[in-house]
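[1] Here is a sequence together with a model predicted from it:
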Amino acid sequence: MSRPAPILITGASQRIGLYCAERLLDEGQPVIISYRTERDSVKHLRERGATALAADFSSEAGILAFIEALKGCTDSLRAIVHNASDWLTETPGHEADAFQRMFSVHMLAPYLINLHCEELLRRSSPADIIHLSDDVARRGSEKRVAYCASKAGLDNLTLSFAARFAPDIKVNGIAPALVMFNAEDDDAYRKKTLAKSALGIEPGPQVVYQGLRYLLDNSYVTGTTLTLNGGRHLK
Ligand SMILES: NC(=O)C1=CN([C@@H]2O[C@H](COP(=O)(O)OP(=O)(O)OC[C@H]3O[C@@H](n4cnc5c(N)ncnc54)[C@H](OP(=O)(O)O)[C@@H]3O)[C@@H](O)[C@H]2O)C=CC1
Ligand SMILES: Nc1nc2c(c(=O)[nH]1)N=C([C@H](O)[C@@H](O)CO)CN2
């Protein structure tokens, strides 16, 4: 039996992307990851048989260089998971740079990778694209205007690519609210953030993998963005 086509997860050197890559490898699914920072986790994924490609999506040139490297290591793809993300706040005097970075990582990279890798996906059946968005796109963010706008744009890419690539490639999104804190998050921030949802928990990355598994396994879902927000919209 031929080896299954690989699943690409971008930004998988840590946290949610790393967790999902590990779970897919546990199931015998070939995995390709992109990473920006060399970490022990990347070495570990290589040791488990994953292909790890360095990539910086903050520029068109960086995105196109990644696409070329990707095409050099596979002739098909089972799925693309656009997970890479920069959670920037705009610092005074650097607003335009932050906006351009957010646009590039969250919109230009998925856009160009989807367009350039369509044929790789069409060599697999079924085939999926999954965009990692953010529940905050639903209502806006006064603290992260550029980040939020770029995630809202990503949600719109889900709709457009779902229409363009149907019926051979399903295109969906996952829009979490809090999944996992960062180490530097202090107790006051953690308490305030947990209180924003009806369920009031930090669920961990497994809830994103459950959403990923659902979208990969379901033949009748496209153009949909799954909400994983603990009922934040109820508060
Ligand atoms: N964590 C959470 O609670 C939530 C997460 N999300 C979304 O889920 C996804 C995963 O979240 P999380 O695991 O916390 O993400 P991280 O903040 O850990 O970022 C994931 C990876 O993105 C990579 N990355 C950042 N900037 C660039 C760039 N310019 N080019 C290429 N890669 C880049 C980083 O690579 P490296 O480390 O190798 O430099 C990083 O490891 C993201 O899309 C996020 O927006 C949404 C809501 C809540
Ligand atoms: N790229 C990232 N995006 C987001 C992160 C993160 O750590 N990296 N974290 C969040 C928060 O958990 C937020 O949902 C609650 O404070 C959002 N996006």
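    Perfect, thanks for sending it. Ligands and ions are numbered 1, 2, ... in the order given.
[2] and the end-to-end length of stretch 31-46?
    End-to-end distance for stretch 31-46: 10 Å, by CA to CA, to the nearest Å.
[3] likewise stretch 89-104?
    End-to-end distance for stretch 89-104: 15 Å, by CA to CA.
[4] pLDDT averaged over it, what's the number?
    Averaged across stretch 89-104, the pLDDT comes to 96.
[5] Could you confirm whether it reaches ligand 1?
    No: if you take CB under 6 Å from any ligand atom as the test, stretch 89-104 misses ligand 1, and the best it gets is 6.6 Å. Just so you know, the C-beta spots here come from the backbone N, C-alpha and C atoms, and that holds for glycine as well.
[6] So which bits of that stretch are buried?
    90, 98-99, 101-104 (16 or more other CB atoms under 10 Å).
[7] May I ask you to name the longest helix in this protein?
    helix 145-165 (DSSP state H).
[8] pLDDT below threshold where in this structure?
    Residues of the chain meeting the criterion pLDDT under 70: 1.
[9] what about 90?
    1-3 (pLDDT under 90).
[10] Near ligand 1, which residues of it are found?
    Residues of the chain lying near ligand 1 by CB under 6 Å from any ligand atom: 11, 13-17, 35-37, 55-58, 83-87, 105, 132, 134, 176, 178-180.
[11] Isn't Gly173 up against Asp155?
    Yes: assessed by CB atoms under 8 Å, Gly173 is found in contact with Asp155 at 5.9 Å.
[12] got the contact list for the residue sitting nearest the centre point of the chain?
    With distances taken as CA atoms, centre = their mean, Asn83 lies nearest the centre of the chain, 1.8 Å away. Counting by CB atoms under 8 Å, 6 or more residues apart in numbering, Asn83 touches 9-12, 16-17, 20, 132.
[13] how about the nearest residue to it, chain neighbours excluded?
    Once flanking residues are discounted, Asn83 sits nearest to Gly17: 4.2 Å by CB to CB, 6 or more residues apart in numbering.
[14] ok, now Val207?
    Take Val207 and drop its neighbours on the chain: the residue closest to it by CB to CB, 6+ apart is Leu228, 5.5 Å away.
[15] measure the one you found to Ile7 for me?
    19 Å (CB to CB, to the nearest Å).
[16] And the two? Which one has more around it.
    Each of Leu228 and Ile7 has its neighbours counted (other CB atoms under 10 Å); Ile7 has more, 25 against 18.
[17] Excluding chain neighbours, what is closest to that one?
    Of all residues not flanking Ile7 in the chain, Ala79 sits nearest, at 4.5 Å (CB to CB, 6+ apart).
[18] Phe161 too?
    Val171 (4.3 Å).
[19] partners of the helix or strand harbouring the one you found in the sheet?
    Element membership for Val171, per DSSP states H and E: strand 169-176. Its sheet considered, strand 169-176 pairs with strand 127-132 (parallel), strand 225-228 (parallel) by DSSP bridges.
[20] So for Asp217, which of the ones you listed sits nearest?
    Closest of the strands paired with strand 169-176 to Asp217 is strand 127-132, at 9.7 Å (criterion: CB to CB).
[21] how far off helix 145-165 does the closest one point, in degrees?
    Inter-element angle recorded for strand 127-132 and helix 145-165: 160 degrees (by axes from the mean of the first three to the mean of the last three CA atoms, to 10 degrees).
[22] the helices in this structure, which residues?
    Using DSSP H, the helices of the chain run over 15-26, 40-47, 60-71, 95-103, 109-122, 145-165, 187-194, 206-217.
[23] need these in TSV with distance to Gly223, can you?
    Output for the helices of the chain, formatted as TSV (distance: least, CB to CB, whole Å):
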stretch	distance to Gly223
helix 15-26	22
helix 40-47	31
helix 60-71	24
helix 95-103	22
helix 109-122	14
helix 145-165	3
helix 187-194	30
helix 206-217	11
